[in-house]
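J.: Kindly generate the corresponding structure for this input.
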Amino acid sequence: MISFIVPIYNAHPYLVRCIESILMQDTNEPIQLIVVDDGSTDDGLSLLQAYARMYPNIEVYAQHHSGQSAARNLGLSHAKGEYIAFVDADDCIKEDWCQTHLNAIKGVDYVQSGYFRERPFLPKNRYQFTSPCMRLYRSQAIAGMRFPEGMIYEDVLFSIELWLRNASCRMIPYAGYGYIENPDSTTSTRRPEAEQQLFKALKEKLTQANLRGKMIILYTIIRLKLHFKRS
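T.: Predicted coordinates:
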């Protein structure tokens, strides 16, 4: 079974496309779709509940607005699958996403693939090295891991913990994750305070890491500084 975890916050315009893309996967592997509404003020929760009445493999949970990390963590606490995947509510996946990753995960802890954007003037095949999306994980590989709550860019710290566990990875030349550029998302604009909070957390981890860990964290810091500078 693959457990998909989708955090939702005021994403009604994108929900049908996102949910349908997961339900329509061309695979024989059972799918558990866990959707966590993070205190939305639109009518997305009602739409999700309607889906859950039609599809028994959809589980809908609601919480007070606590952030994407808390929503993902709640989803992780309900995941039953041998494999786990994360999809953001304003994104979607191609119908062969599951099977492509299942074919590649033999012998490794997780598979990393790429993403595409539909606007024609943007590159169509990219890799995002810190996002928890665009990956299929073995549940054992991330057992006990949780996203740090109360901050933005929590994805980075989740990925750091994964790498510090020596998780084995296979990268595949496949772009099946559809990234939708949502102007209302938390990372659509520069947030200097959030960036400083992230670098502070990374430096704290740096002081506690062994030599290999220090190299991983320093590399990540350099990549992030270049990314934010280009932004």
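
J.: biggest helix in the protein, by residue count?
T.: helix 211-230 (DSSP state H).

J.: Extract the CA atoms of it and return them as CSV.
T.: Extracted C-alpha coordinates of helix 211-230, given in CSV (Å, rounded to 0.1, in the frame of the first residue of the first chain):
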residue,chain,number,x,y,z
LEU,A,211,32.1,15.0,9.8
ARG,A,212,29.8,13.5,7.2
GLY,A,213,26.8,15.3,8.7
LYS,A,214,28.7,18.6,8.7
MET,A,215,29.5,18.2,5.0
ILE,A,216,25.9,17.5,4.1
ILE,A,217,24.6,20.5,6.1
LEU,A,218,27.3,22.8,4.8
TYR,A,219,26.5,21.8,1.2
THR,A,220,22.8,22.4,1.9
ILE,A,221,23.5,25.8,3.3
ILE,A,222,25.5,26.8,0.3
ARG,A,223,22.8,25.6,-2.1
LEU,A,224,20.1,27.5,-0.2
LYS,A,225,22.1,30.7,0.0
LEU,A,226,22.6,30.6,-3.8
HIS,A,227,18.9,29.8,-4.3
PHE,A,228,17.7,32.7,-2.1
LYS,A,229,20.1,35.0,-3.8
ARG,A,230,18.8,34.1,-7.2
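
J.: All further residue positions should be reported with the first residue as 602.
T.: Understood, numbering begins at 602; the last thing we discussed is helix 812-831.

J.: Could you list every helix and strand that it packs against?
T.: helix 755-765, helix 793-809 (3 or more C-beta pairs under 8 Å, 6 or more residues apart in numbering; DSSP states H and E). For every residue, glycine as well, the C-beta is placed using N, CA and C.

J.: Give me the domain ranges for this structure.
T.: 603-789, 790-832 (automatic domain parsing).

J.: Break down this protein into its helices, ranges please.
T.: Taking DSSP H, the helices of the chain run over residues 613-624, 645-655, 669-679, 698-705, 755-765, 793-809, 812-831.

J.: Need the per-residue pLDDT for residue 686.
T.: Looking at residue 686, its pLDDT is 98.

J.: wait, doesn't it sit right on residue 736?
T.: Yes: with contact defined as C-beta atoms under 8 Å, residue 686 reaches residue 736; the gap is 7.0 Å.

J.: Contacts only, for the residue lying closest to residue 799 once chain neighbours are set aside.
T.: Once flanking residues are discounted, residue 799 sits nearest to residue 754: 4.4 Å by C-beta to C-beta, 6 or more residues apart in numbering. When the contact criterion is C-beta atoms under 8 Å, 6 or more residues apart in numbering, the partners of residue 754 are 788, 795, 796, 798, 799.

J.: longest strand anywhere in this structure?
T.: strand 770-779 (DSSP state E).

J.: Neighbouring strands of it in the sheet, and parallel or not?
T.: Here strand 770-779 is paired, per DSSP bridges, with strand 693-694 (antiparallel), strand 711-717 (parallel).

J.: residues of that strand that come out buried?
T.: The neighbour-count check on strand 770-779 (16 or more other C-beta atoms under 10 Å) flags 771, 773, 775, 776, 777, 778, 779 as buried.

J.: What distance do you get for the closest residue to the last one other than its chain neighbours to residue 743?
T.: Using C-beta to C-beta, 6+ apart and skipping residues adjacent in sequence, the residue nearest residue 779 is residue 693, 4.4 Å away. When distances are taken as C-beta to C-beta, to the nearest Å, residue 693 and residue 743 turn out to be 23 Å apart.
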